[in-house]
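S.K.: Turn this into a structure:
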Amino acid sequence: MSNAPTLASRTLNIPAFRFEQLTAALAKLGKKAVKLGCKAPVASILRSYTVDVSEDKKFPELVEWNEVKIDYEVIRKAGDYVFIAKVEHADEVNGVPRNKVSGINLSNEHAARFVTSPIVCSHCGINRKRNAGYVVQSCNDETVMVGSTCLEVFLGVDPAAAVAGMEFDAAISEIGNDGERWGYGSAAPRVVPLDEFAAATISLVSKNGFVNAAAAEFGKVKTGDDVLLLTLGKEPRLADWRKEMTPTDEHKAMAASVVKRLSDRILPSYINNPTALDAFAFKFGILLNKGYVGVKDAQLAAAAIYYEIGKIAKESVKSTVKNEFYPCKEGDKVAVEVSINMVKEVFSSFGTSLLIKMVSTDGYTFSSFYSGAKESFTPGSTVKVSGKVKKLDDNARFGKSVMLSHLKVVG
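M.R.: Numbers count the residues shown, from 1 in each chain. As a prediction, this is how the structure comes out:
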């Protein structure tokens, strides 16, 4: 009679950052599985969720957890018997045995019974000291303990694969139960709710200006890192900076609007037709579906949010801008109230300057190269500026714009 692999599965919950460690542990067991003639175990994530580990702290601290399913094959049956447990002698207390009892089919009743039972062989009945015995159950539910040397005679087949299979099954079942091994989330990287992350991003944009998505995603600017410092940072020396950058109610309202725009545009395709999305949108679809951002996702999330608020600003400008010049001529001095549309660093042989694009309250566009402090010009803010008309710039892409020199804020 031959032993045949049996399909089995189990689920466990672990901090998400431990998933790689879990797959590495399964890979080692997979080598044993191949030797047993079984398929290697495979882990898949059923769902991701957050756990609040803040305890008594002032602000909530969230970590990401995964519910994981492990599918595998194992050999548990030998002949007409099923292996229930392996019993190993561990110690004695006042002459009473203390055994380690392990097995995937082990009941609480069996566990309690064999922890303090002598390891005897029901087959040979020889009274001698044994280090290990195996509990097997017949098709009639009769449970007996057999010594390792008697297994082959008792079962009528070579029990080696079945014994190894049972131990393999027990090893699979124990993965994830060791809290000290996987942790309970106290050491896990924190995650941030997406709305909160978006509000922090918008706060930074409002003070530091727009950047393009590629620059944000590939680390040419510290977008994601700065947002995480703002939302998760504990460094006391950053307290003043964090206080200055804290999102306002206006930032939070805009963040909710931005996340909704992104969700309305990306989530339906992510759920129903993911191949229609480019790689960047697909990755952000994962974050929208989860509703929170982790350390590894910070740059990508900041890039998507930067890009979206840039689109909103451009849409706003397009709705009011006039494709005609402000009434003036080269050399004129002008003073006008404008909304700051874009602030971008520009590098040249003369050094670093800021390219500032502005739209007056009555829809005329202005631009200027400025070498002063960029804090004077916050995207989205309205200020009164003065300057000298350097030229009337008619750009096929951007339309008509008055280029100013000697720019300064006058109110």
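S.K.: Name every strand pairing with the helix or strand encompassing Val402 and say which way it goes.
M.R.: According to DSSP states H and E, Val402 maps onto strand 399-409. Using DSSP bridges, strand 399-409 pairs in its sheet with strand 365-370 (parallel), strand 382-395 (antiparallel).
S.K.: Can you tell me which of these is nearest to Val42?
M.R.: strand 382-395 (56.7 Å; C-beta to C-beta). Just so you know, the C-beta spots here come from the backbone N, C-alpha and C atoms, and that holds for glycine as well.
S.K.: mind checking the SS state of the residue of the chain positioned farthest from its centre?
M.R.: Note on the chain: the largest C-alpha distance from the chain mean falls to Ile126, namely 58.1 Å (C-alpha atoms, centre = their mean). With DSSP: H, G, I helix; E, B strand; the rest coil as the basis, Ile126 sits in coil.
S.K.: What separation do you get for it and Val101?
M.R.: 22 Å (C-beta to C-beta, to the nearest Å).
S.K.: same thing with Ala16?
M.R.: Using C-beta to C-beta, Ala16 is found at 33 Å from Val101.
S.K.: could the strands paired with strand 399-409 go into JSON lines alongside mean neighbour count?
M.R.: Putting the strands paired with strand 399-409 into JSON lines (neighbours: other C-beta atoms under 10 Å) gives the following:
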{"stretch": "strand 365-370", "mean neighbour count": "21"}
{"stretch": "strand 382-395", "mean neighbour count": "15"}
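S.K.: Sketch out the strands for the stretch 151-300 of the chain, chain order is fine.
M.R.: 190-193, 292-293 (DSSP state E, counting those that start in this stretch).
S.K.: and these, which is most packed in?
M.R.: strand 292-293 (a mean of 24; mean count of other C-beta atoms under 10 Å).
S.K.: can you list contacts of that one?
M.R.: 50, 62, 64, 191-194, 197, 287, 301 (C-beta atoms under 8 Å, 6 or more residues apart in numbering).
S.K.: tell me the contacts of Lys31?
M.R.: Ala40.
S.K.: so which strand or helix has it?
M.R.: Going by DSSP H and E, Lys31 is in helix 19-36.
S.K.: Could you list the paired strands of the helix or strand following that helix along with their orientation?
M.R.: Per DSSP H and E, the first helix or strand lying C-terminal to helix 19-36 is strand 42-52. Strand pairing for strand 42-52, using DSSP bridges, gives strand 62-74 (antiparallel).
S.K.: Show me what the helix or strand that the partner strand is followed by is in contact with.
M.R.: Following strand 62-74 in sequence order, the next helix or strand is strand 77-78 (DSSP H and E). Strand 77-78 is contacted from outside by 3-4, 6, 83, 136, 151, 155, 157, 159, 162-163, using C-beta under 8 Å, 6+ apart.
S.K.: tell me the mean pLDDT over strand 77-78?
M.R.: For strand 77-78, mean pLDDT rounds to 74.
S.K.: residues contacting the spatially most central residue of the chain?
M.R.: Taking C-alpha atoms, centre = their mean, the centroid of the chain lies closest to Gly294, which sits 4.6 Å from it. Under the criterion of C-beta under 8 Å, 6+ apart, the neighbours of Gly294 are 16, 64, 189-192.
S.K.: if you set the cut-off to 7 Å instead, what comes out?
M.R.: By C-beta atoms under 7 Å, 6 or more residues apart in numbering, the contact set of Gly294 is 64, 189, 191.
S.K.: Also Asp393?
M.R.: 367, 401, 403.
S.K.: now Asp394
M.R.: Asp394 touches Lys400, counting by C-beta under 7 Å, 6+ apart.
S.K.: That one and Gly363, how far apart?
M.R.: Remark: distance between Asp394 and Gly363 (C-beta to C-beta) = 16 Å.
S.K.: Phe377 contacts Val343, doesn't it?
M.R.: Yes - Phe377 is in contact with Val343 according to C-beta atoms under 7 Å; the separation is 5.2 Å.
S.K.: joint contacts of the two?
M.R.: Shared contacts of Phe377 and Val343, counting by C-beta under 7 Å, 6+ apart, come down to Ile356.
S.K.: Give me the next element, helix or strand, following the longest strand along the chain.
M.R.: Determined from DSSP state E, the single longest strand within the chain is strand 333-348. Downstream of strand 333-348, the next assigned helix or strand under DSSP H and E is strand 351-360.
S.K.: what inclination does that following strand have with respect to strand 399-409?
M.R.: On the basis of axes from the mean of the first three to the mean of the last three C-alpha atoms, to 10 degrees, strand 351-360 is oriented at 110 degrees to strand 399-409.
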